[in-house]
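>>> Fold the following.
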Amino acid sequence: MIRLFIIATVLLFSQAMTAQETPLQIHLWPGGAPGFENRRDEPEQAKDWWVRNIHNPSITVFLPPKEKATGAAVVVCPGGGHRNLVYNSEGRDAAEYLNSLGVAAFVLKYRLAREENSPYTLETHVRQDAYRAMRLVRSRAQEWGVDTSRVGMLGFSAGGEVVAMVAYASGKGDPAAADPVDRQNGKPDFQMLVYPGPLFIPDSIASDAPPAFMVATIDDECCSAPLLKLIQEYHKAKIPAELHIYARGGHAFNMGKRSKLVTLNTWPQRMADWMKDSRLLEPADEKH
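Prediction:
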């Protein structure tokens with residue numbers, strides 16, 4: 001009898017731990033993305049490193065331990081050329097690293113404009129998803145222990161283009177919107193760009209552009225040049241920005257785990273240092 005009780009207790013504990021460890025996924029629009037509600041039930045496709053066939057965009061919630069939480073939050077945009085999402089190494093891994101810093105992370109599954117036979121466009125649907133994700137996080141800030149003035153974005157490759165779509169516009173919500181989520185501000189307070197694609201990088205930036213952390217390698221033919229251009233615009237605008245250009249490593253080094261180069265293995269620590277120096281990691285009650 002005692003043995004059966006112990007086994008049952010262990011099973012219940014194991015099930016509880018599994019439930020706690022499974023991140024919560026929340027669709028951006030409860031009834032489906034506007035205009036495509038009839039496709040919301042089409043299943044996503046996921047295999048190995050990628051996720052595809054996203055018709056009901058969502059955020060997956062990764063919260064840090066309460067005793068470690070700083071109040072800062074980041075919407076994470078994985079890359080994948082707008083044909084798929086590199087969900088694990090540019091989404092989940094990034095979120096878990098941010099959690100280790102006390103930062104709440106929300107991995108965005110946005111619609112894919114370049115997937116075969118896609119009905120979506122970058123300018124309309126993907127931008128719509130990015131704004132909605134930011135507004136959704138701010139709308140539930142109290143529930144998730146988030147400071148609405150410290151909500152940023154982290155984008156890898158094509159995900160960096162998603163960030164750029166919303167980082168340089170006003171992002172103001174509609175105070176008269178029927179949906180309270182849409183009343184929130186969608187502009188990030190800060191941004192981190194990891195080998196971002198060239199699209200939507202502006203020729204100039206306004207004085208309200210969010211402070212930026214940027215990283216790439218000089219031998220990345222796609223995605224180092226946009227950052228060299230962008231850092232000059234930040235310099236002209238006198239807005240805080242930090243750029244790390246490494247000597248080699250190419251594209252898609254993710255969170256550093258794939259690279260054999262010491263510098264790329266440890267690049268996330270540079271991001272953590274920047275966040276700390278920018279006072280993003282100070283709990284709200286410690287700010288003065």
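
>>> Pairing partners for the residue nearest the centre of the chain in the sheet, please.
A centroid search over the chain (CA atoms, centre = their mean) returns Val76, at 1.0 Å, as the residue closest to the centre. Counting by DSSP bridges, Val76 is bridged to Val107, Leu154.

>>> so it touches Val107, yeah?
Yes - using CB atoms under 8 Å, Val76 makes contact with Val107 at a distance of 4.7 Å. The way it works is simple: take the backbone N, C-alpha and C, and place the C-beta from them, glycine included.

>>> hey, what's in contact with both of those two?
In terms of CB atoms under 8 Å, 6 or more residues apart in numbering, Val76 and Val107 are both contacted by the residues Gly91, Ala94, Ala95.

>>> Closest one of those residues to Gly71?
Gly71 has its nearest neighbour among the shared contacts of Val76 and Val107 in Ala95, at 16.4 Å by CB to CB.

>>> residues in contact with His27?
His27 touches Arg40, Asn56, Pro57, Ser58, counting by CB under 8 Å, 6+ apart.

>>> Now tabulate the residues you listed in JSON lines and tack on distance to Ala206, pLDDT and secondary structure.
Output for the contacts of His27, formatted as JSON lines (distance: CB to CB, whole Å; pLDDT from 0 to 100; DSSP: H, G, I helix; E, B strand; the rest coil):
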{"residue": "Arg40", "distance to Ala206": "36", "pLDDT": "80", "secondary structure": "coil"}
{"residue": "Asn56", "distance to Ala206": "34", "pLDDT": "95", "secondary structure": "coil"}
{"residue": "Pro57", "distance to Ala206": "28", "pLDDT": "97", "secondary structure": "coil"}
{"residue": "Ser58", "distance to Ala206": "31", "pLDDT": "97", "secondary structure": "strand"}
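
>>> For those residues, which single residue is the most surrounded?
In terms of neighbours by other CB atoms under 10 Å, the contacts of His27 top out with Pro57 at 25 neighbours.

>>> before we move on, the earlier item: could you dump the shared contacts of Val76 and Val107 into a markdown table with distance to Pro196 and neighbour count added?
Converted to a markdown table, the shared contacts of Val76 and Val107 look like this (distance: CB to CB, whole Å; neighbours: other CB atoms under 10 Å):
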| residue | distance to Pro196 | neighbour count |
| --- | --- | --- |
| Gly91 | 15 | 27 |
| Ala94 | 14 | 28 |
| Ala95 | 18 | 25 |
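
>>> which ones among these are found in helices?
When DSSP state H is applied, these are split such that Ala94, Ala95 fall in helices.

>>> Check whether Phe253 really touches Ser259, as I assumed.
Yes - between Phe253 and Ser259 a contact is recorded at 4.7 Å, counting by CB under 8 Å.

>>> so how far is Arg92 from the residue nearest to the centre of the chain?
9 Å (CB to CB, to the nearest Å).

>>> any residues in contact with both of those two?
Going by CB under 8 Å, 6+ apart, residues that sit against Val76 and also against Arg92 are Val107.

>>> which one among the shared contacts of Val76 and Val107 gets closest to Ala209?
Among the shared contacts of Val76 and Val107, Ala94 lies closest to Ala209 (CB to CB), at 22.3 Å.
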